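Colleague: Mind looking at a prediction? Sequence and model below.
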Amino acid sequence: MRLGFNDMSRYNRITVLNLIRRNENISRSELAEKTGLTPPSISRITKELMERDLIIESGVGESHVGRKPIMIEFNESSRSIIGLDLRPDHINGVITDLSPTILKRYEKEFDINLTPNEILNLSRKFLTNIIEEAEKIAPLLGVGIVLPGVVDIAKGELTYSAPMGWSKIDIKSNFKEVIPDVPFKIDNLAHAVALGEKWLKSERERENFIYVYVGKGIGAGIIANGQIYHGSEYNAAEIGHSTINFNGPQCNCGNRGCLETYCSTKVLQSNIENELDIKIDSEEELWKILNSNDKKVKKIIEEALDYLGIGIANLINTLNPEKIIIGGWPQKIGYDQVLNYLWESAQEHSMEGLSDNIEVEFSYRDEDVGPLLGAATLVLEDFLTETAIKS
């Protein structure tokens, strides 16, 4: 298929803008060299981007011959973004710039017994307060929100979430009451964090990897050829509900023996309470116990990691990614032994040779920050590939 003039102009703006974003300082001549565009085209595109306040001239570069070049950089402070992470018992929020770097952070806890409507009412008020703060920093670019569960990104609906205990909830309409004229993006938590890993890892581009999140629920985000893979119904990589044992424990989804019933934090807590004959009253207490040197706790952790390794092996056997990134409770207890033990389990259950060249690592963001930056990245990606570069 041939691209029309407008398509080519749009593609060129995307290319130039993202080259500037990835390079701390770059000259117009370097942009022409790297893109293959003519100097007049580069001058026109950079002028348009400057008029949108997306790039700025940052100083004079070095040159051994002729005039010294004027350097250009991405104007990260030209817009603000709000990222939200909604769970059954709390909502967290951040204001970021376009890097995206967190500028301010907010938290609000809920009574776990509140109805979805009550939680959404509180969440709208929470967002309203953050909007006022964001607009003091820079014009608000958009709001992104992530939730655990199956999310229909086209409708803006939370189709089903075992951790939330919700189904068929119209998230977008609820929040658009507060922000009718501001772009609003929604996605599954693990998908958004995977996208954030791709956009925010500065050392190198990541094109083919899987992010696995292990918390009260378990999910994954697949980046294939640099794009998030959602599947036909936006349900891709719901690995928490892949069957590990068809005679296993009953899962909230209605099936038996789902991966989630063997290695979620809910199951970890239940197993520890039963084994140690104690009652754990808070997440802080659970993390403290998980980080202890108790031999019985260590055995429970290893058993959960064995099952998680089977789930990861299934991903390896099916998709053969370049890298597996782990987030959630294994990262939060986070010592190297946990990652090594998990990877040995995954390799043991994957086909011979398939895992030999796959890298495995913890997410470079912690469990709390990753989803929030992932939410902000939903807005950022849309902006840097659509809104910012339209004529």
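Modeller: Arrived safely, thanks for sending. Numbers count the residues shown, from 1 in each chain.
Colleague: show me where pLDDT drops low in the chain?
Modeller: By pLDDT under 70, the weakly predicted segments of the chain are 1-7, 64-66, 201-206, 334, 365-367, 386-391.
Colleague: mind listing the strands for the stretch 51-200 of the chain?
Modeller: 55-60, 70-74, 80-86, 90-96, 102-109, 140-147, 150-152, 157-161, 166-170, 184-188 (DSSP state E, counting those that start in this stretch).
Colleague: Any chance of a markdown table for the ones you listed, columns distance to H241 and mean neighbour count?
Modeller: For the C-beta atoms, the positions are set from N, CA and C on the backbone; glycine is no exception. Below are the strands of the stretch 51-200 of the chain laid out as a markdown table (distance: least, CB to CB, whole Å; neighbours: other CB atoms under 10 Å):
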| stretch | distance to H241 | mean neighbour count |
| --- | --- | --- |
| strand 55-60 | 44 | 15 |
| strand 70-74 | 40 | 20 |
| strand 80-86 | 20 | 27 |
| strand 90-96 | 24 | 22 |
| strand 102-109 | 27 | 14 |
| strand 140-147 | 16 | 26 |
| strand 150-152 | 9 | 22 |
| strand 157-161 | 10 | 21 |
| strand 166-170 | 14 | 16 |
| strand 184-188 | 13 | 25 |
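Colleague: In JSON lines: the ones you listed, plus distance to N18.
Modeller: Shown next, in JSON lines, are these (distance: least, CB to CB, whole Å):
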{"stretch": "strand 55-60", "distance to N18": "11"}
{"stretch": "strand 70-74", "distance to N18": "9"}
{"stretch": "strand 80-86", "distance to N18": "17"}
{"stretch": "strand 90-96", "distance to N18": "18"}
{"stretch": "strand 102-109", "distance to N18": "22"}
{"stretch": "strand 140-147", "distance to N18": "16"}
{"stretch": "strand 150-152", "distance to N18": "26"}
{"stretch": "strand 157-161", "distance to N18": "31"}
{"stretch": "strand 166-170", "distance to N18": "33"}
{"stretch": "strand 184-188", "distance to N18": "19"}
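Colleague: what's the closest of these to K216?
Modeller: Of all the strands of the stretch 51-200 of the chain, strand 157-161 sits nearest to K216, with 10.0 Å by CB to CB.
Colleague: quick one, what contacts the residue lying closest to G311 once chain neighbours are set aside?
Modeller: Using CB to CB, 6 or more residues apart in numbering and skipping residues adjacent in sequence, the residue nearest G311 is L259, 4.5 Å away. Counting by CB atoms under 8 Å, 6 or more residues apart in numbering, L259 touches 218, 239-244, 307-308, 310-311.
Colleague: how about the helices in the stretch 251-391 of the chain?
Modeller: 260-263, 265-276, 283-290, 295-319, 329-333, 336-349, 369-385 (DSSP state H, counting those that start in this stretch).
Colleague: Tell me which of those approaches I131 most closely.
Modeller: helix 369-385 (13.4 Å).
Colleague: counting contacts, what elements does the closest one pack onto?
Modeller: The contact analysis (3 or more CB pairs under 8 Å, 6 or more residues apart in numbering; DSSP states H and E) places helix 369-385 against helix 5-22, strand 80-86, strand 90-96, strand 102-109, strand 140-147, strand 184-188, helix 189-200.
Colleague: mind running it again at 6 Å?
Modeller: Judged by 3 or more CB pairs under 6 Å, 6 or more residues apart in numbering; DSSP states H and E, the packing partners of helix 369-385 are strand 80-86, strand 90-96, strand 140-147, strand 184-188, helix 189-200.
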